[in-house]
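Colleague: missing the sequence, but the structure's below:
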């Protein structure tokens, strides 16, 4: 997800997206360990999305 899209969302939506992304990452890690993952790049994309969400949340928090 792009940063511009994330900045348009509310904090509540960002927190929900963060929880969903972390859950998806957890599932992918288990699938990777069991050999069921074909697209390993998705792990990196998810990690970057989580980092983007956390950055935006922290920027909003410090500006308040």
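Modeller: Yep, it's here. Being a predicted model, the structure only gives us computed values, none of them experimental. Numbering: from 1, shown residues only.

Colleague: only C-alpha atoms for contact and neighbour calcs from this point on.
Modeller: Fine.

Colleague: now the strands for the chain?
Modeller: Read by DSSP state E, the chain holds no strands at all.

Colleague: How about the contacts made by the most centrally placed residue in it?
Modeller: In the chain, the centroid-proximal residue (C-alpha atoms, centre = their mean) is residue 50; its distance is 2.8 Å. By C-alpha atoms under 8 Å, 6 or more residues apart in numbering, the contact set of residue 50 is 18, 21, 22.

Colleague: what about the last one, how many neighbours?
Modeller: In this case it means residue 22. 15 (other C-alpha atoms under 10 Å).

Colleague: And for the first one?
Modeller: Close neighbours of residue 18, defined as other C-alpha under 10 Å, add up to 19.

Colleague: Just confirm it contacts residue 53, I think it does.
Modeller: Yes: applying C-alpha atoms under 8 Å, one finds residue 18 in contact with residue 53, separated by 6.7 Å.

Colleague: pLDDT at residue 19, what is it?
Modeller: Reported pLDDT at residue 19 in the predicted model: 98.

Colleague: any idea how far it lies from residue 46?
Modeller: 12 Å (C-alpha to C-alpha, to the nearest Å).

Colleague: Over to residue 54?
Modeller: 12 Å.

Colleague: quick one, phi/psi of residue 9?
Modeller: phi -90, psi 160 (degrees, to the nearest 10).

Colleague: swap that for residue 2, please
Modeller: phi -80, psi 150.

Colleague: do the same with residue 40
Modeller: phi -70, psi -20.

Colleague: where does the chain dip in pLDDT?
Modeller: 64 (pLDDT under 70).

Colleague: mind listing the helices for it?
Modeller: Counting by DSSP state H, the chain has these helices, from start to end: 3-7, 11-34, 41-63.

Colleague: Could you find the closest non-adjacent residue to residue 40?
Modeller: Spatially, and ignoring its direct neighbours in sequence, residue 40 is nearest to residue 32 (7.9 Å; C-alpha to C-alpha, 6 or more residues apart in numbering).
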